[in-house]
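> structure, please.
(chains A and B)
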Protein chains: 2
Amino acid sequence: MTKIACCQFAPHIGQVRANVEESIKQVHWAVDKGARIVVLPELTSSGYAFTDATEASKAAEAPDGYAVSSWKRAAEELNVIIVAGFCEASHHSKPYNSAALLAPGLDPVIYRKAHLWDAERALFTPGDAGPPVIETEYGSIGVVICYDLEFPEWIRIAALAGADVICAPVNWPTVPRPAGERPGEVVRTQAQASINRVAIAACDRAGVERGIHWTSASVIVDANGWPRAMADPDAGQSERIIADIDLNESRDKKVSEFSDVFADRRTDLYAALERSATRPAQHEGTEQTQC
Amino acid sequence: MTKIACCQFAPHIGQVRANVEESIKQVHWAVDKGARIVVLPELTSSGYAFTDATEASKAAEAPDGYAVSSWKRAAEELNVIIVAGFCEASHHSKPYNSAALLAPGLDPVIYRKAHLWDAERALFTPGDAGPPVIETEYGSIGVVICYDLEFPEWIRIAALAGADVICAPVNWPTVPRPAGERPGEVVRTQAQASINRVAIAACDRAGVERGIHWTSASVIVDANGWPRAMADPDAGQSERIIADIDLNESRDKKVSEFSDVFADRRTDLYAALERSATRPAQHEGTEQTQC
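Here you go, the predicted structure:
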């Protein structure tokens, strides 16, 4: 069993030093509870709701800046793995929406969000590399960021590359949901986990930021897709969740005596069918068996 | 709004005439309630739990056999669309696990299950064609069968081909779930729907068959991923569910002002990254940004 924590809190826009200091306090709490992997929100160092790319750039840092260096030091001192979002300076006109994975003894690994959500495309440069999957003493850890989780292609790539757990810093804006329903983002996280038999730890943020209400629904899901710890989205507050996850479960892709979620994929069919599916509508269905 | 029904009942192994007659009664019930699209279980005509391919072959019929002909006649007489599973005779040693879509004025459309579950591979020949997507007066209807739903690649193909609703005859064997959790199959159906913004109607079967307990969790999910009607899996009985679904929602892939679940896909990256993800483990991660 590996203890994994998500520390959901409310970073303040542009206040990099204060946000990082708060995040380190959160990591200390998690380590005191026995966590070996700690996930922090998307854009932990900078806050999210930038007005424009200029404001985002002011809060951006290189991977050797204050945020990643501080997390790296904490990871070494506390012997813990940290995955945290930060605003990364770039050579483009817009910074990256990035996450750093800090593991004792390893160089920082930086991932740049590839699927930019909504108005983020006016603020950030999208990443062009896949989700990293890094071997650590607890297992292989994948990293994605928020909207990436909505694309099964992306989670499949991380799982096929051997991820035992995918750590996802997220900032989930609140969208309406029927009474009694879990947030859709949680449902999709559960599904992506069980479809691939990979654990997923998604750390959301709390509170309201420049009018954006955050879902505050951090969740840690096992390889069977069951939530093992979940923040209360109706509370909408800072909340730390922690769960024991058996990462060995992620290495067994069998779901019955003869079924295996990877081996049963019809990779002989997918690419050609997807190409023909995206042809103009008038050509659809003509190759189906009709009798 | 289009009224869609799933008629969950318990076909008896090998009793094709009796099963089809019962299924036609179910269709009448649904039409009386106003349904325009009726989904029936996987292998409605034959039952599921065959001992071997020989027994399955005895219950197999060509698409012009009793089952599909009866459903076709009912579809015409009642002016309703029917999607139902049947055991289809093949020229191979094993039959197909198929589904027929019967729409007034159209030839029957036959789909053969491409992802065979567990011991099904000893009983059936897998299909090699994609999910059909057929234009009807209510919208475009896709067809998949049971375990197909567990593969996001397959649902993506149907959605990209323009499906407004995916009709899925299923037979979900019961697997353990934590208290208070929906069956994982329902969770994944919700996720596949919202990831693609496509409605999904999955018709499960009821009861216990040769020792297999069926989940009995038929569900009709809208394009936002919310269940609009759901059978009670704890009851485990025959149950008919019906829901009004706005199929126009499936034609709008936007989920925010600037985000669109199709347009936001990184099709420039997926294929190459999936290829590199499936390389031997020792090559993983070497191209990641490290600093």
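> give me the low-pLDDT residue ranges for chain A?
Where chain A drops to pLDDT under 70, the residues are A:280-291.
> tell me which residues are up against the longest helix along it.
Scanning chain A for the helix with the most residues, using DSSP state H, yields helix A:16-32. Contacts to helix A:16-32, defined as C-beta atoms under 8 Å, 6 or more residues apart in numbering or on different chains, come from residues A:5, A:7, A:9, A:11-12, A:38, A:40, A:44-47, A:59, A:61, A:66-67, A:70-71, A:74, A:78, A:80, A:82, A:84, A:240, A:242. All C-beta atoms are positioned from the backbone trio N, CA, C, and that covers glycine.
> in helices only, show me these.
Using DSSP H, the members of the contacts of helix A:16-32 that fall within helices are A:66-67, A:70-71, A:74, A:78.
> now render these as JSON lines, adding neighbour count and distance to residue B:18.
Listed next are the ones in helices among the contacts of helix A:16-32 as JSON lines, based on neighbours: other C-beta atoms under 10 Å in any protein chain shown; distance: C-beta to C-beta, whole Å:
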{"residue": "A:66", "neighbour count": "15", "distance to residue B:18": "74"}
{"residue": "A:67", "neighbour count": "27", "distance to residue B:18": "68"}
{"residue": "A:70", "neighbour count": "21", "distance to residue B:18": "71"}
{"residue": "A:71", "neighbour count": "27", "distance to residue B:18": "66"}
{"residue": "A:74", "neighbour count": "21", "distance to residue B:18": "68"}
{"residue": "A:78", "neighbour count": "19", "distance to residue B:18": "67"}
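> which among the contacts of helix A:16-32 end up buried?
A:5, A:7, A:9, A:11, A:38, A:40, A:44-47, A:59, A:61, A:67, A:70-71, A:74, A:78, A:80, A:82, A:84, A:240, A:242 (16 or more other C-beta atoms under 10 Å in any protein chain shown).
> is it true that residue A:109 touches residue A:100?
Yes - under the criterion of C-beta atoms under 8 Å, residue A:109 makes contact with residue A:100 at 7.0 Å.
> between the two, which has more neighbouring residues?
For the pair residue A:109 and residue A:100, the greater number of neighbours falls to residue A:100 (27 against 22), based on other C-beta atoms under 10 Å in any protein chain shown.
> quick one: contacts for the residue lying closest to that one once chain neighbours are set aside?
Nearest residue to residue A:100 in three dimensions, chain neighbours excluded: residue A:68, at 4.8 Å (C-beta to C-beta, 6 or more residues apart in numbering or on different chains). Listed by C-beta under 8 Å, 6+ apart, the contact partners of residue A:68 are A:61, A:86, A:100, A:102, A:108, A:110.
> could these go into TSV alongside secondary structure?
Shown next, in TSV, are the contacts of residue A:68 (DSSP: H, G, I helix; E, B strand; the rest coil):
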residue	secondary structure
A:61	strand
A:86	strand
A:100	strand
A:102	strand
A:108	coil
A:110	strand
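> quick one: which two of those are the most distant?
Distance extremes for those: the farthest pair is A:61 and A:102 at 14.4 Å, using C-beta to C-beta.
> circling back to that earlier point, now the residue nearest to residue A:100: how far from residue A:78?
Distance from residue A:68 to residue A:78, counting by C-beta to C-beta, to the nearest Å: 16 Å.
> out of the contacts of helix A:16-32, list just those in strands.
A:5, A:7, A:38, A:82, A:84, A:240, A:242 (DSSP state E).
> please name the bridge partners of the second one.
Translated: residue A:7. Counting by DSSP bridges, residue A:7 forms beta bridges with residue A:240.
> now the third one
Beta-bridge partners of residue A:38, counted by DSSP bridges, are residue A:5, residue A:82.
> cool, and residue A:87?
residue A:97.
> doesn't residue A:134 fall inside a strand?
Yes - according to three-state DSSP, residue A:134 belongs to a strand.
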